[in-house]
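Peer 1: Please work out how this folds:
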Amino acid sequence: MTVAGREARRTADGVRLTVPALLRARAREGPDRTFLVFEGREFSFRELDERSDRVAARLARLGVGRGDHVAVLMENRPEFLLAWFGILKAGAAMVPINTLLKPPEIAYVREHSDSRLLITAPDFDEGFEDEPTALPEVGPDDLAAVVYTSGTTGKPKGAMLTHASYLWDARAIAEHVQMTGADRFLCILPLFHVNAQVVTTLAPLVAGASMALMRNFSPIEMLETLARTGATAFSAVPTVYAILNDTPGAERYDLSRLRFCICGAAPMPVEVFERFERRFRATIMEGYGLTEGTCASSINPLDRRKVGSIGVPLAGQEMRIADGEIVIRGPNVMRGYYKDPEATAAAIRDGWLHTGDLGRVDEDGYFTIVGRKKEMIIRGGENVYPKEVEEVLYTHPAVAEAAVVGLPDPKWGEEVAAFVVLRGAAS
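Peer 2: Numbers count the residues shown, from 1 in each chain. Presented below is the predicted three-dimensional model:
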């Protein structure tokens, strides 16, 4: 193994756990190897490393330094990654902003996060030559991002995530799904979310693999991109799988290299799960995680899945059920909410992150979500979990999507109500 290869492995194993160190090691080890494919163009490790160096130098000349925050408001494109890596090299942390937010919401995130700058233009790194520029040393406990997540009440809260938490989670995912340098992850989810940042960007970087990037999700464009780029995996939410199940003409595309898919963000209906695997002949690995846990905390093992469960905890993390709630402990857990000690104290107690998700664990250590703590319906003194009712609805052939909620009822306290979208001719 080369010196650069050993450095990359040490980085991934936690000795020098920073994102810039890993990117630089990959660029030295295989400078001309492709890491990113976007709309027919390939970006090597060296190009990403050198261009993000220029971003870091420009930020430094603008006064950005260690401990600062820089917001990024941009659609999925290579420049998003250049901005993030450059911000990190400058010693700062990225504040990714949801592109779907309205102007007042964008203003709130930028102002609350104390962001020094806001990067929005895709050409921000052009026209600047390399200059020797002193950049600060970056440590594993430095912030890599402050990611704002909406709760059930109040304003969005900024989860503070470090280099260590990002790369610990990315390494655990890469090992769990048995990722190799031959894999290519297709990224269809927005890069302002931790799923895209960790599963389809940093995990391939840790494994020495590559990624393909789409601006946004379109079923036909996704199938075309999977076939054209030879992608071996992707990560998506249940709705994407449901849409692909109903997309006509999927058989026209060569998806023979697709070996597995990851599903997270919401419970996957078993009917959608089984239908996708029958049609596309790719293995789904359902997992679980949240922004406050950097991304994933559990995933079904590739060779011993339990359909309908969210799998087992990733290496280095602990999960258990406390009073019916899933709680998590490990190096992936956020440092806390930015400028919100009360919310931090409520979320992290005795080192355990309280997720708000209700679940159970079986004798083999597999976890299953049964609902949200605040979504549980109490009907006549009996607990009703929306997910269990939704699973029954999804077994009906006319049901495309279903959501179950509780409505006030004078007799039962709460009554179960279902909102259903019908499939095809049934609608």
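Peer 1: Could I get the full set of strands for the stretch 201-350 of the chain?
Peer 2: 210-213, 233-236, 260-263, 283-289, 296-299, 312-313, 318-322, 325-329, 336-337, 348-349 (DSSP state E, counting those that start in this stretch).
Peer 1: Now distance to T99 too, for these, in TSV please.
Peer 2: C-beta here means a position set from N, CA and C on the backbone, and glycine is covered the same way. Shown next, in TSV, are these (distance: least, C-beta to C-beta, whole Å):
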stretch	distance to T99
strand 210-213	15
strand 233-236	18
strand 260-263	23
strand 283-289	22
strand 296-299	23
strand 312-313	32
strand 318-322	32
strand 325-329	28
strand 336-337	22
strand 348-349	29
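Peer 1: which of those strands is buried the deepest?
Peer 2: Of all the strands of the stretch 201-350 of the chain, strand 296-299 has the most neighbours on average by mean count of other C-beta atoms under 10 Å, namely a mean of 28.
Peer 1: to the chain's geometric centre, what's the distance from that strand?
Peer 2: Taking C-alpha atoms, centre = their mean, to the nearest Å, one finds strand 296-299 lying 11 Å from the centre of the chain it belongs to.
Peer 1: Over to stretch 313-322?
Peer 2: The answer for stretch 313-322 is 18 Å, by C-alpha atoms, centre = their mean.
Peer 1: Would you map the helices across the stretch 51-200 of the chain?
Peer 2: In the stretch 51-200 of the chain, the segments counted as helices under DSSP state H, counting those that start in this stretch are 78-89, 103-112, 163-176, 194-197.
Peer 1: out of those, nearest to E251?
Peer 2: Of all those, helix 194-197 sits nearest to E251, with 27.7 Å by C-beta to C-beta.
Peer 1: pLDDT score assigned to the spatially closest residue to S52 that is not a sequence neighbour?
Peer 2: In this structure, S52 finds its nearest non-sequential neighbour in F85, 3.7 Å apart by C-beta to C-beta, 6 or more residues apart in numbering. We have a pLDDT of 97 for F85.
Peer 1: how many other residues sit next to F85?
Peer 2: By the measure other C-beta atoms under 10 Å, the count of residues near F85 is 24.
Peer 1: quick one, what contacts it?
Peer 2: 19-20, 23, 48-49, 52, 55 (C-beta atoms under 8 Å, 6 or more residues apart in numbering).
Peer 1: So, low pLDDT: which residues of this structure?
Peer 2: Within the chain, the stretches with pLDDT under 70 are 1-16, 124-131, 151-154, 381, 410-411, 425-427.
Peer 1: mind redoing it with 50?
Peer 2: Within the chain, the stretches with pLDDT under 50 are 1-15, 152.
Peer 1: list the contacts for the residue nearest the centre of it?
Peer 2: The chain has N195 as the residue nearest its centroid, 0.6 Å off, counting by C-alpha atoms, centre = their mean. The contact partners of N195, taken as C-beta under 8 Å, 6+ apart, are 189, 235, 264-265, 289, 295.
Peer 1: what residues are up against V370?
Peer 2: Counted by C-beta under 8 Å, 6+ apart, V370 has contacts 358-360, 385, 387-388.
Peer 1: Reformat the residues you listed into JSON lines and put distance to V404, neighbour count and secondary structure next to each item.
Peer 2: Output for the contacts of V370, formatted as JSON lines (distance: C-beta to C-beta, whole Å; neighbours: other C-beta atoms under 10 Å; DSSP: H, G, I helix; E, B strand; the rest coil):
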{"residue": "L358", "distance to V404": "14", "neighbour count": "22", "secondary structure": "strand"}
{"residue": "G359", "distance to V404": "17", "neighbour count": "21", "secondary structure": "strand"}
{"residue": "R360", "distance to V404": "18", "neighbour count": "13", "secondary structure": "strand"}
{"residue": "Y385", "distance to V404": "9", "neighbour count": "17", "secondary structure": "coil"}
{"residue": "K387", "distance to V404": "8", "neighbour count": "18", "secondary structure": "helix"}
{"residue": "E388", "distance to V404": "9", "neighbour count": "11", "secondary structure": "helix"}
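Peer 1: tally of neighbours for L167?
Peer 2: Other residues close to L167 by other C-beta under 10 Å number 30.
Peer 1: ditto for K155
Peer 2: 13.
Peer 1: Do I have it right that it meets H112?
Peer 2: Yes: with contact defined as C-beta atoms under 8 Å, K155 reaches H112; the gap is 7.5 Å.
Peer 1: Quick check: the residue nearest to S52 vs L393, distance?
Peer 2: Look at F85 and L393: by C-beta to C-beta, to the nearest Å, they are 44 Å apart.
Peer 1: Understood, closing this out.
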